[in-house]
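Undergrad: Sequence plus predicted model, see below.
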Amino acid sequence: MKLISVNVGLPREVLWHGTPVITGIFKHPVEGRIQLRRLNLDGDRQADLTVHGGAHKAVYCYPIEHYAYWRNELPGRDLPPASFGENFTTEGMPFENEVHLGDRFSIGEAEVIVTQPRLPCFKLGIRFDDDHIVKRFLESGRTGFYVAVTRPAEVGAGDEIRLLARDPHNVSISQITRLHVAPWHSAADAAVARRALLVESLPEAWKDDLRDHLKKLTA
């Protein structure tokens, strides 16, 4: 596994359906090495900190392997690394159905922990100039995932990525995404939710949502 591209960008104002919008989704690959810190990479910022950024969303990872799918789905569109607003374009990492909340990885000298899937907002539509891309993105299951930084360090394209530890609760990114976007009423869904509540790296906002669903199931 390795890091293919490190991507950063600063918020900019764009027009979307005639309305000014500030977004940090437009990112670009950087050359050389760059400092990964607890909250982000040097040279990278988020526009709306109420829903983006923070320790649990310090870095967004997206597999380069997903690009083949999108080139087929979006013929004729140029799709360089960072097209989906990711900070790390990766190669060889587990996909969403295999990587788990709480899994720990090293990236060069840095270390990170998986926290949550990416749930895109309308700004992905801005990036692609397409109101329908958000729905297609979620339906594809190719969401990528966020990580928190547990050991800051410089990172750069070509760095080796190694799995350090699997979380014992075994809740995949695909499973937690499904619980968030689809109706669930089964005992199996409830069991996944209860395991997810035990994952330390899952943000409290996600846990509150899971608790609410579980209460409705038992009401």
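TA: Thanks, I have it.
Undergrad: Going by C-alpha atoms from here, please, whenever you check contacts or count neighbours.
TA: Noted.
Undergrad: What is the end-to-end distance of stretch 97-112?
TA: The straight-line separation of the ends of stretch 97-112 (CA to CA, to the nearest Å) is 19 Å.
Undergrad: pLDDT on that stretch, on average?
TA: Along stretch 97-112, the predicted local confidence has a mean pLDDT of 98.
Undergrad: Report the distance from that stretch to the chain centre.
TA: Taking CA atoms, centre = their mean, to the nearest Å, one finds the center of stretch 97-112 at 12 Å from the center of the full chain.
Undergrad: same question, stretch 26-46
TA: For stretch 26-46, the distance from its own C-alpha centre to the chain's C-alpha centre is 15 Å (CA atoms, centre = their mean).
Undergrad: what comes up buried for it?
TA: Using 16 or more other CA atoms under 10 Å as the test for burial, stretch 26-46 gives 26-29, 34, 36-41, 44-46.
Undergrad: Quick check: end-to-end length of it?
TA: 10 Å.
Undergrad: cool, stretch 72-85 as well?
TA: One end of stretch 72-85 sits 19 Å from the other (CA to CA).
Undergrad: got a list of contacts for that stretch?
TA: When contacts are taken as CA atoms under 8 Å, 6 or more residues apart in numbering, the neighbours of stretch 72-85 outside the stretch itself are 5, 7, 25-29, 60, 62, 64, 67, 71, 88-89, 124, 127.
Undergrad: Over to stretch 165-184?
TA: Taking CA under 8 Å, 6+ apart as the criterion, the residues outside stretch 165-184 that touch it are 96-105, 116-117, 141, 145, 189, 192-193, 195-196, 198-199.
Undergrad: follow-up on the earlier one: mark which of the buried residues of stretch 26-46 are part of strands, please.
TA: The strands, defined by DSSP state E, take in 28, 29, 34, 36 from the buried residues of stretch 26-46.
Undergrad: In contact with the first one: list those residues for me.
TA: For residue 28, the contacting residues are 7, 8, 9, 81, 82, by CA under 8 Å, 6+ apart.
Undergrad: how about the strands of this protein, start to end?
TA: For the chain, strands defined by DSSP E occupy the ranges 2-8, 12-16, 19-23, 28-29, 33-36, 59-63, 88-91, 104-107, 110-117, 145-151, 153-156, 161-165.
Undergrad: who are the neighbours in contact with residue 25?
TA: Applying CA under 8 Å, 6+ apart as the definition, the contact partners of residue 25 turn out to be 9, 11, 46, 84, 85, 123, 124, 127.
Undergrad: try residue 55
TA: Contacts for residue 55 (CA under 8 Å, 6+ apart) come out as 38, 39, 148, 149.
Undergrad: ditto for residue 161
TA: Contact criterion CA under 8 Å, 6+ apart gives 1, 2, 3, 93, 105, 106, 107, 108 as the residues in contact with residue 161.
Undergrad: The first one and residue 92 touch, don't they?
TA: Yes. At 4.5 Å, residue 1 and residue 92 qualify as touching, with contact defined as CA atoms under 8 Å.
Undergrad: Could you measure from the residue most central in space within the chain over to residue 110?
TA: The geometric centre of the chain, computed from its C-alpha atoms, lies nearest to residue 145 (CA atoms, centre = their mean), at 2.7 Å. Counting by CA to CA, the gap from residue 145 to residue 110 is 17 Å.
Undergrad: Nearest to residue 156 among the contacts of residue 25?
TA: Nearest to residue 156 among these is residue 9, at 15.6 Å by CA to CA.
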